[in-house]
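1. Please work out how this folds:
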Amino acid sequence: MQFLFDNLIATAVAGVGALLLIGISLGRAEGTRDNTRVYAHQQMQAQFTEQLEVDLTNAGILVPTGSTAVQTATASSFSFYGLVDRNGTAGLIEYREVAAGTLDGSPVVAVERWVDGVRTGGSAGVLSRFSITPLGAGGSPLGAASLGATRAFEVDAEWVLPFIEAGDAARRQAMRRSAWTTYLRPVGLQP
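-> All right, here's what the predicted structure looks like:
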């Protein structure tokens with residue numbers, strides 16, 4: 001009888017130990033999965049922001065005669081003349097906001113990059129905030145009537161990470177937002 005009780009207790013202890021190890025393993029796997037997702041999302045952000053920064057830095061180079069470098073600056077569209085690739089090809093570059101639905105009850109957009117009327121790239125549809133503001137010589141925002149006086153740009157963007165699952169609510173909320181703001185002063189826009 002003692003033999004049966006010993007085996008039964010040993011089996012119970014081994015079962016509890018195995019369940020603990022499985023629980024720890026699943027928790028680590030969930031955290032690793034979230035970290036991998038955040039890293040992939042950050043890489044997409046980096047590619048988009050790098051392309052945007054290169055485009056805006058090259059704004060005003062090889063502007064057609066009779067045109068201004070910055071063509072439109074609205075809440076949903078921003079277009080300008082500049083270099084479109086590393087080969088020195090110039091063209092009209094446009095960034096357009098496109099509604100992409102909602103995420104956690106908040107509206108999100110994607111930003112598409114268009115060159116001479118052809119879509120050539122853009123961001124994932126997880127931007128909660130995006131704006132490009134043309135600035136004058138003194139750094140003040142310009143209206144649509146004075147885009148020819150643009151000397152710099154301010155870019156403001158915020159991404160929402162759609163797939164954070166691990167941790168408590170405060171940690172998830174802190175990890176869900178990624179913001180980027182920059183100020184660019186392209187050489188092609190300077191007098």
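2. going forward, measure contacts between C-alpha atoms and count neighbours the same way
-> Will do.
3. where exactly do the strands run in this structure?
-> 70-73, 77-83, 90-103, 106-115, 118-122, 127-135, 152-160, 177-184 (DSSP state E).
4. Name the strands paired with the third one and say parallel or antiparallel.
-> Using DSSP bridges, the strands paired with strand 90-103 in its sheet are strand 77-83 (antiparallel), strand 106-115 (antiparallel).
5. Now find how far off-centre the longest one is within its chain.
-> Read that as strand 106-115. Here strand 106-115 is found 10 Å from its chain centre; the criterion is CA atoms, centre = their mean, to the nearest Å.
6. For that strand, the averaged confidence score.
-> The pLDDT scores in strand 106-115 average 91.
7. what does the shortest one give?
-> Model confidence over strand 77-83, given as mean pLDDT, is 93.
8. Send over that strand as PDB, restricted to the C-alpha atoms.
-> Extracted C-alpha coordinates of strand 77-83, given in PDB (Å, rounded to 0.1, in the frame of the first residue of the first chain):
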ATOM      1  CA  SER A  77      -2.500  65.000 -49.700                       C
ATOM      2  CA  PHE A  78       0.900  66.500 -50.000                       C
ATOM      3  CA  SER A  79       2.700  66.800 -53.300                       C
ATOM      4  CA  PHE A  80       6.000  68.400 -54.400                       C
ATOM      5  CA  TYR A  81       8.600  68.200 -57.100                       C
ATOM      6  CA  GLY A  82      11.900  66.500 -56.300                       C
ATOM      7  CA  LEU A  83      14.200  63.600 -57.100                       C
END
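9. what does that strand rub up against?
-> 55-56, 58-63, 68-73, 89-97, 132 (CA atoms under 8 Å, 6 or more residues apart in numbering).
10. angle of it against strand 127-135?
-> Put simply, strand 77-83 runs at 60 degrees to strand 127-135, going by axes from the mean of the first three to the mean of the last three CA atoms, to 10 degrees.
11. thinking again about what came up before, ok, of the contacts of strand 77-83, which come out buried?
-> Neighbour-count burial (16 or more other CA atoms under 10 Å) is assigned, among the contacts of strand 77-83, to 55-56, 58-63, 68-73, 90-97, 132.
12. in this structure, what spans have low per-residue confidence?
-> Within the chain, the stretches with pLDDT under 70 are 25-31, 33-34, 104, 162-175.
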